[in-house]
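missing the sequence, but the structure's below:
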């Protein structure tokens, strides 16, 4: 069952900047699953411990998208994003058990949504600029949804869920969240995937 849902995404294979671990027709390996879990863990650690010089709402998606986009290039399979998402959940749980509570609710929301949104956006991905568009859309959709969830928690809690007050947070967040999502998706795509479609080599025995 796991091998079926983790079928290889050929569009990601042909677009990656380097050879990945997956091969068409082969079942998912333990090494591939370990790689995905590691990338999910790296995304969680980056979100928890790497601070950017600018402190704006929604910026944490950059830390989660880049490691997870790397995971997609290394293991280009259909629900690779959700496997990385599971890795990030387990990593955050481990951090909390260890007493670390520095990862805010907004950052966790973007972190946990990134992988599944990648899966939805890239299910029928093709290489070239269309892949870039899909990755950017995944980043945008992730942060827009994270914005809605964060707004809901602030509003339903009577503005007692932590962080800035809703009245000062929302006018900035309503545009910084989408912009950060687009930037994160574009950076992740540029880092690990080709922009232009590459000519496919004909199969052996065919001209």
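Done, it's in. Keep in mind that this is a model prediction, so the values were computed, not measured.

what about the helices in the protein?
2-5, 10-15, 30-49, 61-74, 80-97, 105-122, 129-156, 166-192 (DSSP state H).

give me the low-pLDDT residue ranges for this structure?
1-5, 159-163, 198-207 (pLDDT under 70).

can you rerun that using 80?
1-6, 51-54, 102, 127, 158-164, 196-207 (pLDDT under 80).

residue 24: which of the helices of the chain is closest?
Taking Cβ to Cβ, helix 10-15 is the member of the helices of the chain nearest to residue 24, at 6.4 Å. From N, CA and C alone the C-beta is placed, and that goes for glycine too.

stretch 16-33: end-to-end distance?
18 Å (Cα to Cα, to the nearest Å).

with mean neighbour count added, can I get the helices of the chain in CSV?
Output for the helices of the chain, formatted as CSV (neighbours: other Cβ atoms under 10 Å):
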stretch, mean neighbour count
helix 2-5, 11
helix 10-15, 21
helix 30-49, 20
helix 61-74, 26
helix 80-97, 20
helix 105-122, 24
helix 129-156, 20
helix 166-192, 19
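
now render these as JSON lines, adding distance to residue 55.
Shown next, in JSON lines, are the helices of the chain (distance: least, Cβ to Cβ, whole Å):
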{"stretch": "helix 2-5", "distance to residue 55": "39"}
{"stretch": "helix 10-15", "distance to residue 55": "33"}
{"stretch": "helix 30-49", "distance to residue 55": "14"}
{"stretch": "helix 61-74", "distance to residue 55": "13"}
{"stretch": "helix 80-97", "distance to residue 55": "21"}
{"stretch": "helix 105-122", "distance to residue 55": "12"}
{"stretch": "helix 129-156", "distance to residue 55": "15"}
{"stretch": "helix 166-192", "distance to residue 55": "10"}
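
residue 107 against residue 47, yeah?
Yes. Using Cβ atoms under 8 Å, residue 107 is in contact with residue 47, at 5.1 Å.

give me the common contacts of those two.
Residues within reach of residue 107 and of residue 47 at once, by Cβ atoms under 8 Å, 6 or more residues apart in numbering, are residue 60.

any idea how far residue 108 is from residue 88?
9 Å (Cβ to Cβ, to the nearest Å).

and what of residue 109?
11 Å.

kindly report the same for residue 53.
24 Å.

residues making contact with stretch 129-136?
Here stretch 129-136 has contacts from 11-12, 15, 69, 118, 121-122, 125, 182, 185-186, 188-190, 193, 195-197, using Cβ under 8 Å, 6+ apart.

do the same with stretch 8-28
For stretch 8-28, the surrounding residues in contact (Cβ under 8 Å, 6+ apart) are 2-3, 6, 29, 31-32, 35, 72-78, 80, 122-128, 131, 192-194, 197-198, 200.
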